[in-house]
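Enquirer: no FASTA, just this:
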């Protein structure tokens with residue numbers, strides 16, 4: 001299975017993406033030839049070589065040679081549909097712009113079709129998106145994965161004035177994508193780059209086990225002292241075993257929020273845990289530990305979606321004696337699961353259905369459902385579980 005892994009340790013922009021694809025082996029002449037199917041003119045392309053922190057990379061640029069009109073989503077859509085681009089490239093480019101238009105529409109409170117892209121509606125951004133689609137189509141990747149994003153921080157100048165980094169539309173597209181600000185005072189993830197990833201990437205996390213065949217580096221405009229301003233893309237093959245696992249399991253990245261507490265009434269942990277689950281925590285652990293001077297304490301760990309970090313932190317500070325929190329990302333691999341309602345001699349019950357491998361299914365009765373049936377039939381939960389599992393075995 002041919003895949004791409006996009007390593008966004010310094011964010012991503014459209015020109016960095018195209019540069020990395022060219023560095024990986026997509027010919028510039030091929031991109032230029034394919035772009036000729038787009039009914040626009042007044043631009044030129046160049047690819048130079050540059051170094052970032054001593055690493056050689058492709059420096060892709062779109063040069064605007066004459067004034068261009070501002071284009072809203074409707075005009076860009078018409079431009080793509082009327083082009084003679086390859087259908088797969090046309091479809092991919094349109095999906096990327098649709099992703100961006102939906103984010104802009106949400107941020108500005110306007111209909112999608114009337115979204116004005118401003119900077120992203122400029123010709124260089126249009127060419128970046130279509131060139132990226134051409135390069136990806138050329139490489140025939142069957143799946144694309146990416147690392148968590150580093151967005152940068154501070155303020156960025158836009159047509160609407162100064163905006164916080166990440167810019168509002170970019171922030172909208174980063175929903176459900178693991179990201180952190182990093183240490184650089186700059187915009188590292190542009191709206192174009194975010195739209196490309198949001199549209200194309202199947203999963204975010206560490207690089208999957210793969211046989212790497214090619215590596216490409218695309219340079220960003222700025223040269224930072226803190227780290228190389230580059231986008232790195234790996235191309236290679238997943239083994240058949242890894243392909244099999246990927247169909248059986250799901251991967252994502254979550255945030256672990258933890259703190260050590262040794263001065264709180266143990267009775268207060270129950271309402272704290274309830275509040276954390278109500279706020280969206282995926283799991284909460286209370287682990288007995290010994291702290292300084294041999295004092296017994298509790299290690300509180302909350303597993304949360306990255307976007308709920310601030311909300312969960314506020315609840316812990318409000319409902320406990322914690323004075324500091326620790327945060328780190330954790331990569332998860334999960335069995336595929338869904339919930340079904342099953343009929344048993346004791347009545348219907350919701351069960352969790354786990355797919356351990358193709359054709360191998362495991363049924364797990366939900367505790368609250370067992371508790372409900374036990375109360376209904378005046379039986380112990382253990383006895384109810386035994387009867388339900390026996391009925392599930394016959395299912």
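Expert: The structure has been received and is ready for your questions. Everything numeric in this text was worked out from a predicted model, so none of it was measured.

Enquirer: Quick check: which ranges of the stretch 151-300 of the chain have low pLDDT?
Expert: For the stretch 151-300 of the chain, the stretches with pLDDT under 70 are 159-160, 239-249.

Enquirer: So which residues of it form strands?
Expert: 155-158, 161-164, 179-180, 203-204, 211-219, 230-237, 249-261, 283-290, 296-304 (DSSP state E, counting those that start in this stretch).

Enquirer: Would you reformat the ones you listed as a markdown table and include distance to residue 60 and mean neighbour count?
Expert: Yep, even glycine has a C-beta here, placed from its N, CA and C like the rest. Shown next, in a markdown table, are the strands of the stretch 151-300 of the chain (distance: least, CB to CB, whole Å; neighbours: other CB atoms under 10 Å):
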| stretch | distance to residue 60 | mean neighbour count |
| --- | --- | --- |
| strand 155-158 | 21 | 14 |
| strand 161-164 | 25 | 11 |
| strand 179-180 | 24 | 19 |
| strand 203-204 | 24 | 18 |
| strand 211-219 | 6 | 18 |
| strand 230-237 | 10 | 22 |
| strand 249-261 | 29 | 18 |
| strand 283-290 | 43 | 12 |
| strand 296-304 | 38 | 18 |
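
Enquirer: Tell me which of these lies nearest to residue 3.
Expert: Proximity to residue 3 (CB to CB) singles out strand 230-237 among these, at 6.7 Å.

Enquirer: Adjacent strands (with direction) for that closest one?
Expert: Strand 230-237 pairs in its sheet with strand 2-7 (antiparallel), strand 211-219 (antiparallel), by DSSP bridges.

Enquirer: about what we covered before: to residue 366, which of the strands of the stretch 151-300 of the chain lies closest?
Expert: Once the strands of the stretch 151-300 of the chain are compared by CB to CB, strand 283-290 is nearest, at 15.4 Å.

Enquirer: What lies in contact with that closest one?
Expert: Contacts to strand 283-290, defined as CB atoms under 8 Å, 6 or more residues apart in numbering, come from residues 260, 269, 273, 276-277, 296-303.

Enquirer: Kindly reformat those as a markdown table containing distance to residue 202.
Expert: Below are those laid out as a markdown table (distance: CB to CB, whole Å):
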| residue | distance to residue 202 |
| --- | --- |
| 260 | 37 |
| 269 | 38 |
| 273 | 34 |
| 276 | 30 |
| 277 | 29 |
| 296 | 45 |
| 297 | 41 |
| 298 | 38 |
| 299 | 34 |
| 300 | 33 |
| 301 | 28 |
| 302 | 27 |
| 303 | 22 |
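
Enquirer: Tell me which two of those residues sit farthest apart.
Expert: 277 and 296 (24.9 Å).

Enquirer: quick revisit: of the contacts of strand 283-290, which is the nearest to residue 372?
Expert: Once CB to CB is applied, the member of the contacts of strand 283-290 that ends up nearest residue 372 is residue 277, at 18.8 Å.

Enquirer: what's around that closest one, how many residues?
Expert: Neighbourhood size, residue 277 [other CB atoms under 10 Å]: 13.

Enquirer: Tell me how far it lies from residue 214.
Expert: Applying CB to CB, to the nearest Å, the value for residue 277 to residue 214 is 45 Å.

Enquirer: Can you report how many residues lie near residue 208?
Expert: 17.

Enquirer: So for stretch 2-22, mean pLDDT?
Expert: Mean pLDDT, computed over stretch 2-22, is 96.

Enquirer: Now it: buried residues?
Expert: 3-22 (16 or more other CB atoms under 10 Å).

Enquirer: and if you look at stretch 146-157?
Expert: 146, 147, 148, 149, 150, 151, 152, 153, 156.

Enquirer: partner residues bridging the first one?
Expert: Legend: beta-bridge partners of residue 146 under DSSP bridges are residue 6, residue 204.

Enquirer: Could you identify the helix or strand that succeeds the top helix by length along the chain?
Expert: If you go by DSSP state H, the chain has its longest helix at helix 87-108. Going down the chain from helix 87-108, the next helix or strand is helix 123-139, by DSSP states H and E.

Enquirer: Point out the other helices and strands that that following helix packs with.
Expert: strand 2-7, helix 14-24, helix 28-35, strand 43-52, strand 55-64, helix 73-81, helix 87-108, helix 191-200 (3 or more CB pairs under 8 Å, 6 or more residues apart in numbering; DSSP states H and E).

Enquirer: and among the ones you listed, the most buried is which?
Expert: The highest mean neighbour count among these, using mean count of other CB atoms under 10 Å, belongs to helix 14-24: a mean of 27.

Enquirer: Residues touching that one, excluding its own?
Expert: So helix 14-24 is contacted by 6, 28, 31, 47, 57-62, 124-125, 128-129, 131-132, 135-136, 138-139, 190, 192-193, 196, 214-221, 230-233, 235 (CB under 8 Å, 6+ apart).

Enquirer: One more: stretch 210-225?
Expert: Defining contact as CB under 8 Å, 6+ apart, one finds that stretch 210-225 is touched by 3, 5, 10-11, 13, 15-25, 50, 52, 55-60, 184, 186, 188, 229-239, 242.

Enquirer: and if we set it to 6 Å?
Expert: For stretch 210-225, the surrounding residues in contact (CB atoms under 6 Å, 6 or more residues apart in numbering) are 16, 19-20, 23-24, 50, 52, 57-59, 184, 229-238.

Enquirer: That one: end-to-end distance?
Expert: For stretch 210-225, the first-to-last residue distance is 31 Å (CA to CA, to the nearest Å).

Enquirer: Tell me if I'm right that residue 275 and residue 315 touch.
Expert: Yes. Using CB atoms under 6 Å, residue 275 makes contact with residue 315 at a distance of 5.2 Å.

Enquirer: ok so, going back, just the contacts of strand 283-290 now: which is nearest residue 376?
Expert: Taking CB to CB as the measure, residue 376 lies nearest residue 277 of these, at 24.9 Å.

Enquirer: Distance of the closest residue in space to the closest one that isn't next to it in sequence relative to residue 220?
Expert: Among residues not flanking residue 277 along the chain, residue 284 sits closest, at 6.5 Å (CB to CB, 6 or more residues apart in numbering). As defined by CB to CB, residue 284 lies at a distance of 40 Å from residue 220.

Enquirer: domain parsing for this structure?
Expert: As recorded under automatic domain parsing, the domains making up the chain are 2-238, 250-324, 336-393.
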